[in-house]
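>>> Next one to model:
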Amino acid sequence: MSAKERLDQAETPRVGEVRSDDLSIRIVTAEQEFALLRSSWNALLQRSSENVPFLTHEWMGAWWVAFSAGRAMYLVTAWLGADLVGIAPLLVDQHGSGARARPTLRFWSNAYSNRAQIIVGEPLDEIIDALLHHLVHEAPDWDLVHLGPLDAGSRVTHAITRALERAGVRYGLDQGIRSPFLRLPSSWENLLAQVSSSHRHTVRSKRRRAASQFRFRRILNRDGFHHVLAVSEKSWQHAGGTGIGTQPDVKAFYERLAAEAEQREWLELALLEDAGEAAAYEFNLVYENKLYSLKLGYRRDLARSSPGLVLKSHVLENAIERGLEEHDFLGAEEPYKLHWTAHVRQHCEVVIFRPGRKALDWFYRYRLKPYVRRHLPGLSKLKRRLRDP
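A predicted model of the protein is given here:
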């Protein structure tokens, strides 16, 4: 029995359908229905134009369990006959607070999501049109749809904005982070040759000094997760409240993700050990021959030995030796990443305004404010002074 047939037999009520020839839209609102989509979901992702680990069923499942409390699932799926051809993983939320709160549909994403997207096959434009038609005309009451963080250069992102333009729907485009990535060369020496001379000298010097103190090790199963937690508890991130073990939901997310990634052979925990005790870690995934750095940290008491830099150098050297194509640093532009690469991936967010509602909000946010910033900078400064005396 196909995933679509199992969904057809499920008892959870559906919101209405939109049909264009054999293309149909179906809404998933229950976790058990989401679970049934696993094989069809990942098969669609494999043939989509944007195949990254953050869109896998495993990642989404770990995210939902950890972070979805108090929110309702509104997973929009597109089917061409019996084949799953499109997925918009949305939930129902509130944007803003108090009297200014607005009912909003948004992706399953938060600060721990590196990228989000509509997962779509071919014909891309027709499927995107059908998904957005449903959101604009058939979805339950909402004022805003937030789609992000999107890869601004993605075919799918461009297809979304083209569809909104064709439909005459008001939307805004917010610029997000620029995230560094490195196309891995054929050898470690080639990588060192393409970084600055000062960084090359620093890396070689730090590694020579660290050779007698640290040992590099890779762990490919979740048994190594306790080392990650041990380092995280002694890191700067933990002191700042952003460590893996700081918040229960964040810890639960990474624990579940580690278990799922181990099963799919994506998990790679990189450690730098000092006398058998973990001194630094990287929580990485290897997916489609690319290395993704999700989280990293090192013990504050060892900062003078630069364990983070030493570990990153070993991770990159090992990835090159294994023939991986790319290392995605993820997150925002930070100096330690830009020492290794000048390539960045621009992210953005598409904000859709429901037709007939909040037209003034759209005008203020995407027309008036940009105009004032460009042409009346003094007024913007005055407003900031009045707001933040």
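
>>> CA atoms for contacts and neighbours, from now on please.
Will do.

>>> next SSE after the helix or strand harbouring Tyr336?
Using DSSP states H and E, Tyr336 falls within helix 335-338. Per DSSP H and E, helix 335-338 leads on to strand 344-353 as the next helix or strand towards the C-terminus.

>>> Starting from that following strand, tell me which strands it pairs with and how they run.
When sheet partners are counted by DSSP bridges, strand 344-353 sits next to strand 144-151 (antiparallel), strand 171-183 (antiparallel).

>>> Quick one: mean pLDDT for it?
The pLDDT scores in strand 344-353 average 96.

>>> residues in contact with it?
For strand 344-353, the external contacting residues (CA atoms under 8 Å, 6 or more residues apart in numbering) are 143-153, 161, 169-181, 333, 359, 362.

>>> Could I get the full set of helices for the stretch 101-250 of the chain?
Along the stretch 101-250 of the chain, the segments classed as helices by DSSP state H, counting those that start in this stretch run 124-137, 155-167, 188-194, 197-210, 225-232, 236-239, 248-263.

>>> Could you report the pLDDT at Arg374?
So, for Arg374, pLDDT stands at 76.

>>> and it, how many neighbours does it have?
9 (other CA atoms under 10 Å).

>>> Give the other helices and strands that the helix or strand containing it contacts.
Under the criterion of DSSP H and E, Arg374 resides in helix 369-375. Applying 3 or more CA pairs under 8 Å, 6 or more residues apart in numbering; DSSP states H and E, one finds that helix 369-375 contacts helix 377-387.

>>> Mind pulling up the pLDDT for His95?
Reading off the model, His95 has pLDDT 76.

>>> Quick check: the gap between it and Ser49.
30 Å (CA to CA, to the nearest Å).

>>> So, low pLDDT: which residues of the stretch 1-150 of the chain?
1-21, 97-99 (pLDDT under 70).

>>> Now do the strands in it.
Assigned strands in the stretch 1-150 of the chain, in chain order: 19-20, 23-28, 72-80, 83-95, 102-107, 119-120, 144-151 (criterion: DSSP state E, counting those that start in this stretch).

>>> So which of those strands is nearest Trp266?
strand 119-120 (20.1 Å; CA to CA).

>>> still on that earlier bit, save the helices of the stretch 101-250 of the chain as JSON lines, and put in distance to Arg218 and mean neighbour count too.
Formatted as JSON lines, the helices of the stretch 101-250 of the chain follow (distance: least, CA to CA, whole Å; neighbours: other CA atoms under 10 Å):
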{"stretch": "helix 124-137", "distance to Arg218": "39", "mean neighbour count": "20"}
{"stretch": "helix 155-167", "distance to Arg218": "35", "mean neighbour count": "16"}
{"stretch": "helix 188-194", "distance to Arg218": "18", "mean neighbour count": "14"}
{"stretch": "helix 197-210", "distance to Arg218": "17", "mean neighbour count": "14"}
{"stretch": "helix 225-232", "distance to Arg218": "12", "mean neighbour count": "21"}
{"stretch": "helix 236-239", "distance to Arg218": "22", "mean neighbour count": "17"}
{"stretch": "helix 248-263", "distance to Arg218": "13", "mean neighbour count": "19"}
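
>>> Tell me how far stretch 169-181 lies from the chain's centre.
The chain centre lies 13 Å from the centre of stretch 169-181; the measure is CA atoms, centre = their mean, to the nearest Å.

>>> for the strands paired with strand 344-353, which one ends up most surrounded?
Comparing the strands paired with strand 344-353 by mean neighbour count (mean count of other CA atoms under 10 Å), strand 144-151 comes out on top with a mean of 23.

>>> what's that strand in contact with?
Residues contacting strand 144-151 (CA under 8 Å, 6+ apart): 102-107, 109, 113-117, 157, 176, 345-354.

>>> and if we set it to 7 Å?
103-107, 115-117, 157, 346-354 (CA atoms under 7 Å, 6 or more residues apart in numbering).

>>> swap in stretch 111-121?
So stretch 111-121 is in contact with 44-45, 47-48, 54-55, 85-88, 107, 109, 148-151, 330-331, going by CA under 7 Å, 6+ apart.

>>> pull the CA atoms of that stretch into CSV?
Extracted C-alpha coordinates of stretch 111-121, given in CSV (Å, rounded to 0.1, in the frame of the first residue of the first chain):
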residue,chain,number,x,y,z
ALA,A,111,17.1,29.3,15.6
TYR,A,112,18.3,25.7,15.4
SER,A,113,17.2,25.3,11.7
ASN,A,114,19.8,26.1,9.2
ARG,A,115,17.6,26.1,6.2
ALA,A,116,14.0,25.5,5.3
GLN,A,117,12.1,25.1,2.0
ILE,A,118,9.1,23.7,0.1
ILE,A,119,10.2,20.3,-1.1
VAL,A,120,9.1,20.0,-4.7
GLY,A,121,9.6,17.8,-7.7
